[in-house]
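[1] Pasting the sequence and the predicted coordinates here, then a few questions.
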Amino acid sequence: MAFIKPFKAIRPTKDKVSFVASRSYEEYSKDELKSVLQYNPFSFLHIINPGFKFHKNITGKERFHLVQNRYLEFLEENTLKKDEDASFYLYQIEKDDFKSLGFFCACSVADYRNDIIKKHEDTLKHREELFADYLHTVGFNAEPVLMTYADNEVVWDVFQQETQRKPVYDFTTTDRFNHSLWKISNKESIAKLEAAFAEMDALYIADGHHRSASSNLLAQQMESENKGHNGEEAYNYFMAYLIPESQIRIYEFNRMVKDLNGFSKEEFLIQLDAQFRIEKQEEGPLRPSKKHQFSMYLGGEFYSLYLRNINYSFSDALSQLDTQILYKTILEPILGISDLRNDKRIAYGYGKNNLIQMKDSVDNGKFAVGFSLMPTTIEEIKAIADAGLVMPPKSTYIEPKLRSGLAIYEL
């Protein structure tokens, strides 16, 4: 059973929410970040970039303490306020034909440890420790873990009932996304959601493996420091955004490699011929149309690569994943790339125009070859997580991407 609980969120006041909410820090260009910090004093970015106030780049422990100070300032100035009652927070993101509806809640680190919360990615120990130290110092968590679950009629009925009410937030951001948030504080709806999730066997992390791992590490540290530990402390939980499987979108990452590992174009194609049926495409750009088919851009031409099953063994869920197939048949044995996370010869691209951008990157000589894949499916993610396996890095780009600062969980 999955355990969820409501919490008393720290939230922006209604008149400032559109100014406070920010995209993930990594999504801002250097110039855009500077502009937001200079002209929007209410942006959540001021909290996580405290050095801007002092015209200084501050790192390490000093930065963590200043983040806490900026957070306290936002509270003191009533830009942020704490809710009086524990609630779930239903949050909808909408743009054009894309709409997602899920909710913020507190999830249990015990569920993470007991594999009720399923993982499909490896984490780096130093990043776990760094973020756990950050959380311990600042005392709040503003970056929810995105998790998904099998569509549930009871949960969806509660969602539909709650969205009939007027949202506490309803605003549009400059990227033309509309954001709506409803506070679920009535006991009946809370009880229905808790009971529905108590009957679920698993939740699946879609985005936020390091954040969940760090929250688990933090809980272990704080429990060891607390002689009166009883299991109900805030650090025993972490903030998550739970969303039905049908409400997420999964996109692919392209792979681009800087050289052919000493092979000429013709020699490289011969190497590929052992594992793939190769067809040159007269028209492009070309996107793969089915699993185990890859689009390759090489020397100004697109090729379709069709896996020869006779020379490749499907032994488990991971071996059937296209990112793993590409790694095991081309990237590692032919191009000599064994470390997909750290090798500087490989780069990744995603987004609406990523195929065109891949082509341009090869044409201008930045890369020698590019590969495009079909997106990973939610069924593949679940099969790998259920088997306790780990997907290659950059196997999924998942939406929605949540705004920071809408709901904050105090530790």
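    It's in.

[2] then stretch 363-370 to PDB, C-alphas only?
    Below are the C-alpha coordinates for stretch 363-370, written out as PDB (Å, rounded to 0.1, in the frame of the first residue of the first chain):
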ATOM      1  CA  ASP A 363      25.900  19.500 -40.800                       C
ATOM      2  CA  ASN A 364      28.000  22.300 -39.000                       C
ATOM      3  CA  GLY A 365      30.600  19.800 -37.900                       C
ATOM      4  CA  LYS A 366      29.900  19.900 -34.200                       C
ATOM      5  CA  PHE A 367      29.000  16.200 -34.300                       C
ATOM      6  CA  ALA A 368      29.800  13.300 -36.800                       C
ATOM      7  CA  VAL A 369      26.600  11.300 -36.400                       C
ATOM      8  CA  GLY A 370      23.200  11.600 -34.800                       C
END
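
[3] Of all the residues in it, which ones are buried?
    367-370 (16 or more other Cβ atoms under 10 Å). For the C-beta atoms, the positions are set from N, CA and C on the backbone; glycine is no exception.

[4] same thing with stretch 11-27?
    For stretch 11-27, burial by neighbour count (16+ other Cβ under 10 Å) applies to 11-12, 16-23.

[5] Give me the mean pLDDT for that stretch.
    The pLDDT scores in stretch 11-27 average 93.

[6] Work out the gap between it and the centre of the chain.
    18 Å (Cα atoms, centre = their mean, to the nearest Å).

[7] Tell me the pLDDT of R403.
    Looking at R403, the pLDDT reads 93.

[8] Spit out the contact partners of it.
    21-23, 173, 179 (Cβ atoms under 8 Å, 6 or more residues apart in numbering).

[9] Next: D259.
    Applying Cβ under 8 Å, 6+ apart, the residues near D259 are 345, 368.

[10] Secondary structure class of it, three-state.
    coil (DSSP: H, G, I helix; E, B strand; the rest coil).

[11] what about it, distance to H229?
    Relative to H229, D259 is positioned 54 Å away (Cβ to Cβ, to the nearest Å).

[12] Just the buried residues of stretch 363-370: which are in strands?
    369-370 (DSSP state E).

[13] how about the buried residues of stretch 363-370 in CSV, adding distance to Y39 and pLDDT?
    Putting these into CSV (distance: Cβ to Cβ, whole Å; pLDDT from 0 to 100) gives the following:
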residue, distance to Y39, pLDDT
F367, 37, 97
A368, 42, 97
V369, 43, 98
G370, 38, 97
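
[14] ok, back up a step: of the contacts of R403, which is the nearest to A347?
    A347 has its nearest neighbour among these in R23, at 21.8 Å by Cβ to Cβ.

[15] Contact partners for the closest one?
    175, 401, 403-404.

[16] From the buried residues of stretch 11-27, which land in strands?
    Those of the buried residues of stretch 11-27 lying in strands (DSSP E): 11-12.

[17] so which of the buried residues of stretch 11-27 comes closest to K5?
    Among the buried residues of stretch 11-27, and counting by Cβ to Cβ, the member closest to K5 is R11, at 17.4 Å.

[18] I'd guessed the closest one sits against I408; true?
    Yes - shown here, R11 and I408 form a contact pair, counting by Cβ atoms under 8 Å, at 7.2 Å.

[19] what touches both of those two?
    Listed as contacting both R11 and I408 by Cβ under 8 Å, 6+ apart are L80.

[20] ok, back up a step: tell me which of the contacts of R403 fall in helices.
    Applying DSSP state H to the contacts of R403, no entry is found in helices.

[21] Closest one of these to A142?
    S22 (9.8 Å).

[22] With only the CA atoms kept, save stretch 237-255 in PDB.
    The C-alpha coordinates for stretch 237-255 follow below in PDB (Å, rounded to 0.1, in the frame of the first residue of the first chain):
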ATOM      1  CA  TYR A 237       8.100  12.500   4.300                       C
ATOM      2  CA  PHE A 238       8.900  14.400   1.100                       C
ATOM      3  CA  MET A 239       6.800  16.500  -1.300                       C
ATOM      4  CA  ALA A 240       5.600  14.800  -4.400                       C
ATOM      5  CA  TYR A 241       3.400  15.600  -7.300                       C
ATOM      6  CA  LEU A 242       1.300  12.500  -8.100                       C
ATOM      7  CA  ILE A 243      -0.200  12.300 -11.600                       C
ATOM      8  CA  PRO A 244      -2.200   9.500 -13.500                       C
ATOM      9  CA  GLU A 245      -0.300   7.700 -16.200                       C
ATOM     10  CA  SER A 246      -2.600   9.000 -18.800                       C
ATOM     11  CA  GLN A 247      -1.700  12.600 -17.900                       C
ATOM     12  CA  ILE A 248       2.000  12.500 -18.600                       C
ATOM     13  CA  ARG A 249       3.900  12.800 -21.900                       C
ATOM     14  CA  ILE A 250       7.100  11.000 -22.600                       C
ATOM     15  CA  TYR A 251       9.500  12.300 -25.300                       C
ATOM     16  CA  GLU A 252      12.800  10.900 -26.600                       C
ATOM     17  CA  PHE A 253      16.400  12.200 -26.300                       C
ATOM     18  CA  ASN A 254      18.400  12.100 -29.400                       C
ATOM     19  CA  ARG A 255      22.000  10.900 -29.200                       C
END
